[in-house]
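A.B. asks: mind looking at a prediction? Sequence and model below.
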Amino acid sequence: DVGLMGGFVMSVGFSEKNIFKYYAKDRSWSFDPDIVAHEKDVVINVNGRPFATLRASEGDMKELAVGHMFSRGLITRYGDVASMDVYGNAVNVILKAAPRPDTLKASYMASSWKTSADTIFEGVKHLQEAFLYRKTGAFHAGLLLRRDGLRHFLIEDIGRHNVVEKVIGRALMQDVDMGECILLISGRLMCELVSKVTLAGIPILGSVSATTCEAAALAEGCGMTLIGFIREGRMNVYTHPARIAEFDETRGNL
């Protein structure tokens, strides 16, 4: 869908705008089109009352609402939702029972399955093909894949927290067994993200970017395999490396 807004050529998620570009090499200017991302306030109303306002991208608003409610402990499964509709920038949710915020607790993830390093490297290749990121450079992406490498879906948003919540929301809506999954994201691995992914029961979280000491400590205590700097055939495995099959094969060389 394409339209006009304030001098922009508008599409879903981004618009085209003519801007001035400067090139230091030959000290020149040009006036050329550039692709610029959209952001907007998404209001989540629960049982007729405002619950949250999130700054997010267009699209996947129901997924964002479900994932955010789950992360806040308002629901424990998609079946807790009686109805949900989108009107403008608002998601209106009716729950089957009275909400009880912050009652969801994370449990230690003791899953014994393994995946391969190649599965993670191939997933990151797909992550970097995210359409809106390639168009604008402003989006984060999240890829949920099964431990055998089967890709469930790829989701994008301007906010890395929104990406994680959209992934969790869609997984709940599609009844995906997240305990059998790997989540790969483009943003920094911070405590709040690790906490949300732990609540969802996803045992492996990886990123092309860095982590913090606190996020690694949280992942260690929750039984999560946390991986950063997945780039060019290498990765940093901060916690619980035994879920990577090659770890057992090569640990004798350590």
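C.D. replies: Structure's in. What do you need? Residues are numbered from 1 along each chain as shown.
A.B. asks: CA only for contacts and neighbour counts going forward, please
C.D. replies: Noted.
A.B. asks: would you check that residue 216 makes contact with residue 226?
C.D. replies: Yes: the pair residue 216 / residue 226 is scored as a contact, 6.8 Å apart, by CA atoms under 8 Å.
A.B. asks: neighbour count winner among these two?
C.D. replies: Counting neighbours by other CA atoms under 10 Å for residue 216 and for residue 226 shows that residue 226 has the greater number, 25 against 22.
A.B. asks: what sits against the more buried one?
C.D. replies: 204, 205, 206, 216, 219, 237, 238, 239, 240 (CA atoms under 8 Å, 6 or more residues apart in numbering).
A.B. asks: and with 6 Å instead?
C.D. replies: 205, 206, 238, 239 (CA atoms under 6 Å, 6 or more residues apart in numbering).
A.B. asks: likewise residue 229?
C.D. replies: Contacts of residue 229 (CA under 6 Å, 6+ apart): 208, 209, 210, 235, 236.
A.B. asks: let's see 8 Å
C.D. replies: With CA under 8 Å, 6+ apart, residue 229 has these contacts: 207, 208, 209, 210, 235, 236.
A.B. asks: hang on, the earlier thing: format the contacts of residue 226 as CSV; extra columns: distance to residue 62, neighbour count and secondary structure.
C.D. replies: Listed next are the contacts of residue 226 as CSV, based on distance: CA to CA, whole Å; neighbours: other CA atoms under 10 Å; DSSP: H, G, I helix; E, B strand; the rest coil:
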residue, distance to residue 62, neighbour count, secondary structure
205, 23, 22, strand
206, 25, 29, strand
238, 33, 18, coil
239, 33, 20, coil
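A.B. asks: and which of those is nearest to residue 95?
C.D. replies: Nearest to residue 95, judged by CA to CA, of these is residue 205 at 29.7 Å.
A.B. asks: strands of the stretch 101-250 of the chain, start to end?
C.D. replies: Under the criterion DSSP state E, counting those that start in this stretch, strands of the stretch 101-250 of the chain are mapped to 140-146, 151-157, 181-185, 204-207, 225-231, 234-237.
A.B. asks: got these as a markdown table, with distance to residue 108 and mean pLDDT columns?
C.D. replies: Compiled in a markdown table, these are given as follows (distance: least, CA to CA, whole Å; pLDDT from 0 to 100):
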| stretch | distance to residue 108 | mean pLDDT |
| --- | --- | --- |
| strand 140-146 | 20 | 96 |
| strand 151-157 | 24 | 94 |
| strand 181-185 | 16 | 98 |
| strand 204-207 | 13 | 98 |
| strand 225-231 | 12 | 97 |
| strand 234-237 | 18 | 96 |
